[in-house]
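In: following is a predicted model, sequence given first.
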Amino acid sequence: MLCCQGDAIRLEAEDLRMGYQTEPHPYAAGALMIAHKPNGECIYLGDRGCTIHDHAPSLCRSADCRSVAVRFDFETALRLHRSGRLDLRVWDQGNRLLEAMAAKRRQEKH
């Protein structure tokens, strides 16, 4: 659950009705995000993964590390990582998944 560590899951209007534990979003003035444990993990990350998976915020439901890898090149991802806005492991995992998908497509063509 790399995306649940050091994340900044911004809550949308429909999410606010769910009563999540929140804290101010560091990059979006006036916005709220899911609260974090002292170690930086999402407050809802348990030993077996997300404890609110079936009613997680909309951003969590739509998040996919592959979209992070597509959106940012390595240099941009590294810059975001150094500024604390992206865990580089999420970008790396997305890249690995994209590469595996491409390899599978190539293999299926032969």
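Out: Perfect, I can see it now.
In: and C50, how many neighbours does it have?
Out: Number of residues near C50 (other CB atoms under 10 Å) recorded here: 15. Every residue, glycine included, has its C-beta placed from N, CA and C.
In: from P57, how far off is it?
Out: 11 Å (CB to CB, to the nearest Å).
In: and the longest helix seen in the chain, average pLDDT?
Out: As assigned by DSSP state H, the longest helix anywhere in the chain is helix 88-109. For helix 88-109, the mean pLDDT works out to 88.
In: got the buried residues for it?
Out: By neighbour count on 16 or more other CB atoms under 10 Å, the buried set for helix 88-109 is V90, W91, D92, Q93, G94, N95.
In: next: stretch 73-91.
Out: So stretch 73-91, judged by 16+ other CB under 10 Å, has buried residues A77, L80, H81, L86, D87, V90, W91.
In: which stretches of this structure form helices?
Out: 13-16, 58-62, 65-71, 74-82, 88-109.
In: what count of nearby residues applies to the closest residue to P26 other than its chain neighbours?
Out: Nearest residue to P26 in three dimensions, chain neighbours excluded: A8, at 6.3 Å (CB to CB, 6 or more residues apart in numbering). The burial count assigned to A8 is 17, neighbours taken as other CB under 10 Å.
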